[in-house]
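In: Structure of the sequence below:
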Amino acid sequence: MCGIAGVISKESTDVVPFMKSMMMCMKNRGPDGAGLSIDKEIYQSNSLEKLSFDNTSSNMVLGHVRLAIVGGTCGSQPFKSCDNRLLLEHNGEIYNYKELRQELIKRHKFSSETDSEVVIHLLEDNYNKNNCTDLVKAIKDTMEQLDGVYVFAIKDQHTGNVYLVRDRLGIRQIYYGENKEIIGFASERKALWEIGLKEPTYSLLPGHCVIISKNISKPFKMLDPPVSQSQLYNTMEDSIDIYKKVLLNSIKKRTQDQEKIGVIFSGGIDSVLIAHIIRDFVPDVTCYTTGVKGSLDLEFVKSIGKELDLNLRTRELDYDYVEKHLPDIINIIETNNLTQVETAIPIFAAVQMAANDNQRILFSGQGADELFGGYPWYRNVVAKEGYDRLREHMTQDLLLLYKETLEREDKISMAFSIESRVPFLDPKVVRASTSIDMKLNINDDNDIFGKRVHRELALRLGIPHHIAYREKLAAQHGSGIHDFLKKMAIKNFYTKDMVTKTYIDKLELREKLGSSDRYGYLYGSQELWKTDPTVQMYLDNIICSYNKKYLNQIICSYNKKK
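Out: The predicted structure is shown next:
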């Protein structure tokens with residue numbers, strides 16, 4: 001995991017000072033190394049503070065900060081191809097890098113043991129096969145050979161063009177924007193805001209590429225999402241068998257070479273299943289749970305901790321803690337959307353605990369609900385519109401995870417220099433799960449559980465029935481934060497009387513993030529799932545009350561649909 005940044009002047013002015021500002025505001029993404037590409041020179045250091053920006057100037061510069069998970073202390077980026085034609089910055093993890101390296105080392109000189117360096121030499125191989133005439137094809141061929149999650153910034157040293165590329169599900173993110181003077185891209189929007197690039201900025205779509213030079217190309221698709229268009233598994237036995245195979249492989253490769261891993265743990269079947277399986281591959285596994293005192297998640301995990309023999313850490317969240325950290329959380333996730341904020345609070349607290357334990361990797365159960373039919377409103381979709389419509393909603397939810405969940409959790413974990421991993425979103429898991437007959441996961445419109453293939457695998461692996469079939473609770477409800485924020489708004493004198501029709505109309509224009517926010521309330525309880533305007537007004541005014549950098553841009557980013 002890392003931070004990527006780049007800035008290009010449209011007017012041939014020096015932009016190196018901009019890069020220093022961008023990298024400094026993302027320094028938590030890379031405590032283990034930093035590098036610069038200025039013209040055709042590369043400058044590297046084992047820390048951002050020691051990297052010199054002096055005596056250099058250029059109208060184009062790329063920067064990288066590194067969190068060392070694979071390859072040890074040697075491996076600061078950018079990397080160059082052997083012929084010096086191509087330059088690469090990478091944020092992510094490549095799980096089949098060892099296999100690829102075995103072949104590439106016959107033809108290429110390696111300077112590190114990192115997964116990132118494998119990518120530049122693989123790209124060089126593919127480019128040479130195309131006689132150095134079609135870099136886009138070489139990038140696509142490279143993407144198809146990689147098993148992993150990534151964002152790449154690839155610079156052609158001859159033309160000066162930079163190609164930004166994102167993995168097919170968007171597990172890692174990259175943003176870009178421009179004004180009259182400069183074009184910039186970065187792993188977080190705040191790095192763009194830092195150098196004067198205001199909203200709108202843009203998130204590169206999963207599986208897409210955009211080319212940046214003195215202008216920005218229209219994004220174009222490189223790879224399709226790994227969603228099956230065919231129903232291949234029609235029995236519970238066949239579905240469990242294929243799911244077990246791909247899930248165990250997904251977790252195995254995400255735990256390779258690791259001795260210590262944390263799990264964001266709610267006590268729901270998703271996090272229970274991950275924690276249960278990980279222990280077969282990693283000796284030291286710690287689960288982190290947070291919530292308001294008396295909340296359902298917190299009470300449940302305390303009751304099952306001993307039963308499952310878990311190394312469990314918990315934290316009760318009180319008013320002072322939440323009020324103190326709300327501005328920071330909004331700043332980190334770069335939005336004050338109520339659904340995003342109330343989901344972020346318990347995750348932030350869990351990651352903070354993990355950081356205090358010196359964790360470097362945290363596993364999350366994201367994606368299981370969208371793949372196996374876990375949201376409570378899904379059964380109501382079946383009742384009202386049938387299974388075909390449900391499949392459409394679930395696919396849409398899956399393909400929007402990149403901006404509704406994954407970007408948020410990446411920013412929270414990287415605020416503490418921790419890498420997040422999401423085994424349910426491995427392409428083979430996604431492809432297999434979307435090949436399963438939906439009736440096997442949601443039996444009928446009265447099925448209060450859903451995710452039955454998922455739950456039945458848990459039973460087969462030894463998880464007790466009352467845990468495997470615990471009813472789904474969204475993070476903000478299971479942790480008690482949803483109701484807690486309402487009480488906080490009231491305590492701060494925000495009431496329904498303050499909400500005007502003008503404010504309601506403005507809320508309707510804001511981008512809806514999360515399936516509950518987009519349509520879930522139409523199929524379920526509006527009280528539970530529709531945005532409470534009073535609480536949203538409270539969050540809006542936190543931005544105004546705390547004179548923190550970037551927060552005006554946060555309002556703008558939330559108000560603009562992308």
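
In: give me the low-pLDDT residue ranges for the stretch 401-550 of the chain?
Out: Counting by pLDDT under 70, the stretch 401-550 of the chain has low-confidence residues at 545-550.

In: all helices of it, in order?
Out: Under the criterion DSSP state H, counting those that start in this stretch, helices of the stretch 401-550 of the chain are mapped to 401, 407-415, 427-433, 452-460, 465-468, 475-478, 481-491, 501-509, 515, 521-523, 526-529, 533-545.

In: how about those helices in a markdown table, adding mean neighbour count and distance to Ser303?
Out: (C-beta placed from N, C-alpha, C; glycine too.) As requested, these are exported to a markdown table (neighbours: other CB atoms under 10 Å; distance: least, CB to CB, whole Å):
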| stretch | mean neighbour count | distance to Ser303 |
| --- | --- | --- |
| helix 401 | 23 | 30 |
| helix 407-415 | 25 | 26 |
| helix 427-433 | 21 | 29 |
| helix 452-460 | 21 | 17 |
| helix 465-468 | 16 | 10 |
| helix 475-478 | 22 | 14 |
| helix 481-491 | 18 | 20 |
| helix 501-509 | 11 | 39 |
| helix 515 | 26 | 29 |
| helix 521-523 | 17 | 31 |
| helix 526-529 | 14 | 24 |
| helix 533-545 | 18 | 30 |
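
In: Please name whichever of these is nearest to Glu194.
Out: With CB to CB as the criterion, Glu194 lies closest to helix 407-415 of those, at 14.9 Å.

In: how about the helices of the stretch 401-550 of the chain in a markdown table, adding distance to Gly207?
Out: Conversion of these to a markdown table gives the following (distance: least, CB to CB, whole Å):
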| stretch | distance to Gly207 |
| --- | --- |
| helix 401 | 13 |
| helix 407-415 | 15 |
| helix 427-433 | 11 |
| helix 452-460 | 25 |
| helix 465-468 | 34 |
| helix 475-478 | 27 |
| helix 481-491 | 33 |
| helix 501-509 | 29 |
| helix 515 | 21 |
| helix 521-523 | 29 |
| helix 526-529 | 29 |
| helix 533-545 | 32 |
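
In: could you say what helices and strands the helix or strand that contains Asp125 packs with?
Out: For Asp125, the host element (DSSP states H and E) is helix 115-129. Judged by 3 or more CB pairs under 8 Å, 6 or more residues apart in numbering; DSSP states H and E, the packing partners of helix 115-129 are strand 79-80, strand 86-94, helix 97-104, helix 135-145, strand 148-156.

In: Please give the element, helix or strand, for Lys324.
Out: Assigned by DSSP H and E, Lys324 falls within helix 319-333.

In: quick one, domains of the chain?
Out: The record's domain parsing of the chain by automatic domain parsing lists 2-221, 236-476.

In: ok, back up a step: what about the helix holding Asp125, distance to the chain center?
Out: Mean C-alpha position of helix 115-129 versus that of the full chain (CA atoms, centre = their mean, to the nearest Å) differs by 25 Å.

In: For it, what does the pLDDT average out to?
Out: Averaging pLDDT along helix 115-129 yields 94.

In: buried ones in that helix?
Out: For helix 115-129, burial by neighbour count (16 or more other CB atoms under 10 Å) applies to 115-127.

In: any idea how far Ser58 lies from Met19?
Out: Distance of Ser58 to Met19, computed by CB to CB, to the nearest Å: 9 Å.

In: what about the two, which has more around it?
Out: Legend: neighbour count by other CB atoms under 10 Å for Ser58 and Met19, higher for Met19 (25 against 21).

In: Tell me if I'm right that that one and Val7 touch.
Out: Yes - shown here, Met19 and Val7 form a contact pair, counting by CB atoms under 8 Å, at 5.8 Å.

In: Adding distance to Gln526, write the domains of the chain out as CSV.
Out: Output for the domains of the chain, formatted as CSV (distance: least, CB to CB, whole Å):
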stretch, distance to Gln526
domain 2-221, 29
domain 236-476, 11
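
In: Out of those, flag the one nearest Lys486.
Out: domain 236-476 (9.8 Å).

In: So which residue is dead centre in the protein?
Out: Nearest to the centroid of the C-alpha atoms of the chain, with distances taken as CA atoms, centre = their mean, sits Leu406, at 2.6 Å.

In: Apart from its neighbours in sequence, what residue is nearest that residue?
Out: Among residues not flanking Leu406 along the chain, Ile171 sits closest, at 5.8 Å (CB to CB, 6 or more residues apart in numbering).

In: Lovely, talk soon.
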